[in-house]
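Q: show me the folded form of this:
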Amino acid sequence: MKNTLKYTCVAMVCSLAALAHAEGAPPYLEVTDARLQAPEPANWLLYRGNYGGWGYSPLKSINTDNVGKLTLAWSYATGVAEGHQAPPIVNGAYMYVATPSAQVIAFDARSGNEIWRYKGQVPAEQLLLHPTSRGVALYGDKVYFATPDCKLLALDAKTGKVAWTKSVCEWKNGYYLTLMPLAAKGKIMVGSSGGETGVRGFVAAFDAQTGNEAWRTYTVPGPGEPGNDTWPSGDSYKSGGGSIWITGTYDPQTGLAFWGTGNPAPWPADLRKGDNLYTSSVIALDVETGKIKGHHQYQHNDAWDWDEVSAPLLIDTTFKGKPVKSLVHAGRSGYLWVLERTADKVKYVEAWPFVNNNVVTAVDKKTGRLTYDESKKPGAAKGAAFCPGLWGGKDWPPEAYNPGTGMLYVPANNNMCGVLPQGENVKYKPGELFIGYPLDGVLGSVRVPNPEQTVGELQA
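A: Below is the predicted model:
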């Protein structure tokens, strides 16, 4: 196929691409910490383009004047009939695409020719709510890939050959991996999915060269750990949820990675008294040690499946006349959060609703703690209707930030509410659903009270 793809790139990457010949794989430029901290505009090396999670490209060649003249350069069918959620990761002439059901495809980005393809195997008997992959990480000369059956793989970036494989968790107990790993300071970090099967969420780091585990930090604290007292119901912490579904953001200046955590389990909040740290929160982890250096819980004792799985965006800005190294997050709760990141804590700054919310009655001005309308809080004792619904004011699709405009862009769900019936006192069984509501009641929970109002919105 004739290559019509045009792009702008920095001199080093362009010169390497120019050296590539028609036969065989093109040269490969190793991915270093320095490159990840300052990615070249021509490449897309991280989940959202940079460590701050901006989802922004500074390239200017395509604009409103010429976008209508673009034509198809090449296309490719992966053959996987599931929803693809992984962004293409681009390093020079190499493009990597992860698909559902544990596959990675390496392309020559200029021609669309397949260079190599890795095909994993998902166990047929695994309880998997969805076989999602949100992408691969690049570091050194390797591609790092997390699989639904709880493995972390290091693949040779040029050949696809497996360098090492490590078991991260036990899929038979309901764990699985969906996120793009986060690479920083010689470590590859991954987090566990599976909140609806009662897993105990965690983030774990592995040595990029050897695959040896460096540390593991649970998002639901155990006995003797700070926050365990927010799980007063016996051993409820062991199946407390707090999944990690989305790649974290990272601040090289402080060495902290910021992760959004999922809902607590089971869903009926009256079955697990307490605030239930660190679910529905952001946690700041020291990349060297895994120690939790700070957190902010968006919703205590979450009853609405308001996972706050998107990592906050790192934006250095001026907020109300004060310089703030901020963490910005558009929440499932329908509240937009502005927090401040420091070397040893996460501070609350301000929050306000960006979509219709009838659950929250007040926000504490000092701590950001929410006050709820208890009549809108479902549980095992009673059902309830509430806004926003289970899909939240913003689901997992991420926000974006443009430093040129100073604008934050949010794919919002407005006026989309929900209702949950009375829950049930479900018992935890490893590897089985641990929701506390009948599945048909969950899937049929969406309500649009006023069909004349907008539902899907792009907000800035």
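Q: doesn't residue 35 belong to a helix?
A: Yes - secondary structure of residue 35 (DSSP: H, G, I helix; E, B strand; the rest coil): part of a helix.
Q: burial measure for it, as a count.
A: For residue 35, the number of neighbouring residues by other CB atoms under 10 Å comes to 18. Yep, even glycine has a C-beta here, placed from its N, CA and C like the rest.
Q: hmm, it is touching residue 42, no?
A: No - using CB atoms under 8 Å, residue 35 and residue 42 do not qualify as a contacting pair, with a distance of 11.7 Å.
Q: how far away is the residue nearest the centre of the chain from residue 177?
A: Closest to where the C-alpha atoms of the chain average out (CA atoms, centre = their mean) is residue 246, at 1.3 Å. Residue 246 is 12 Å from residue 177, where distance means CB to CB, to the nearest Å.
Q: one more: residue 87?
A: Residue 87 is 17 Å from residue 177, by CB to CB.
Q: check contacts around the residue nearest to residue 259 when sequence neighbours are not counted.
A: Excluding the flanking residues, the one nearest residue 259 by CB to CB, 6 or more residues apart in numbering is residue 248, at 4.1 Å. Contacts for residue 248 were tallied using CB atoms under 8 Å, 6 or more residues apart in numbering; they are 182, 189, 191, 203, 257, 258, 259, 260, 285, 311.
Q: run a quick neighbour tally on residue 49.
A: 19.
Q: surely it is in a strand?
A: No - applying three-state DSSP, one finds residue 49 to be coil, outside a strand.
Q: still on that earlier bit, give me the more crowded residue out of residue 87 and residue 177.
A: Taking neighbours as other CB under 10 Å, residue 87 and residue 177 compare with residue 177 leading, 27 against 19.
Q: residue contacts, that one?
A: Taking CB under 8 Å, 6+ apart, we find residue 177 in contact with 146, 147, 148, 150, 151, 152, 168, 169, 190, 191, 192, 193.
Q: beta-bridge partners for the first one, please?
A: Going back to what we said before, that points to residue 146. Assessed by DSSP bridges, residue 146 has beta-bridge partners residue 152.
Q: just to revisit the earlier point, so which of the contacts of residue 248 is the most crowded?
A: residue 259 leads these on contacts (other CB under 10 Å) with 33 neighbours.
Q: from residue 431, how far out is that residue?
A: Taken as CB to CB, the span from residue 259 to residue 431 is 24 Å.
Q: can you check residue 410 too?
A: Relative to residue 431, and taking CB to CB, residue 410 is found at 36 Å.
Q: looking at the two, which is more packed in?
A: Just comparing residue 410 and residue 431: by other CB under 10 Å the higher neighbour count belongs to residue 410, 21 against 18.
Q: SS state for that one?
A: Per three-state DSSP, residue 410 ends up strand.
Q: so who does it touch?
A: Here residue 410 is in contact with 330, 336, 354, 394, 399, 458, 459, 460 (CB under 8 Å, 6+ apart).
Q: pretty sure the first one sits against residue 353.
A: To tie it back to what came earlier, the one meant is residue 330. No - judged on CB under 8 Å, residue 330 makes no contact with residue 353 at a distance of 10.6 Å.
Q: re earlier: of the contacts of residue 177, closest to residue 281?
A: Using CB to CB, residue 191 is the member of the contacts of residue 177 that lies nearest residue 281, at 13.0 Å.
Q: that closest one against residue 244, yeah?
A: Yes - assessed by CB under 8 Å, residue 191 is found in contact with residue 244 at 2.4 Å.
Q: shared neighbours, those two?
A: With CB under 8 Å, 6+ apart as the test, residue 191 and residue 244 both reach 179, 201, 202, 203, 219, 259.
Q: give me the nearest residue to the second one, chain neighbours excluded.
A: To tie it back to what came earlier, the one meant is residue 201. residue 242 (3.4 Å).
Q: for burial, what's the neighbour tally of that neighbour?
A: 30.
Q: test my guess that it contacts residue 259.
A: No - using CB under 8 Å, residue 242 is not in contact with residue 259, being 10.0 Å away.
Q: any shared contact partners between the two?
A: residue 219.
Q: isn't residue 342 up against residue 294?
A: Yes - taking contacts as CB under 8 Å, residue 342 lies within contact range of residue 294: 7.3 Å.
Q: ok, these two, which is more surrounded?
A: For residue 342 versus residue 294, the count of surrounding residues by other CB under 10 Å is larger for residue 294: 22 against 13.
Q: quick check, the more buried one in a helix?
A: No - applying three-state DSSP, one finds residue 294 to be strand, outside a helix.
Q: how far away is it from residue 368?
A: 13 Å.
Q: also residue 119?
A: 46 Å.
Q: and those two? Which one has more around it.
A: residue 368 (19 against 11).
Q: right, and that one touches residue 295 too?
A: No - counting by CB under 8 Å, residue 368 does not reach residue 295; the two are 11.5 Å apart.
Q: doesn't residue 311 make contact with the residue nearest to the centre of the chain?
A: Yes - the pair residue 246 / residue 311 is scored as a contact, 6.1 Å apart, by CB under 8 Å.
Q: hang on, the earlier thing: show only the entries of the contacts of residue 248 found in strands.
A: 182, 189, 191, 203, 257, 258, 259, 260, 285 (DSSP state E).
Q: what two of these are the furthest from one another?
A: 189 and 260 (13.6 Å).
Q: let me see the contact set for the closest residue to residue 347 other than its chain neighbours.
A: Using CB to CB, 6+ apart and skipping the chain neighbours, the partner closest in space to residue 347 is residue 340 (4.2 Å). By CB under 8 Å, 6+ apart, the residues touching residue 340 are 324, 325, 326, 327, 346, 347, 348, 349.
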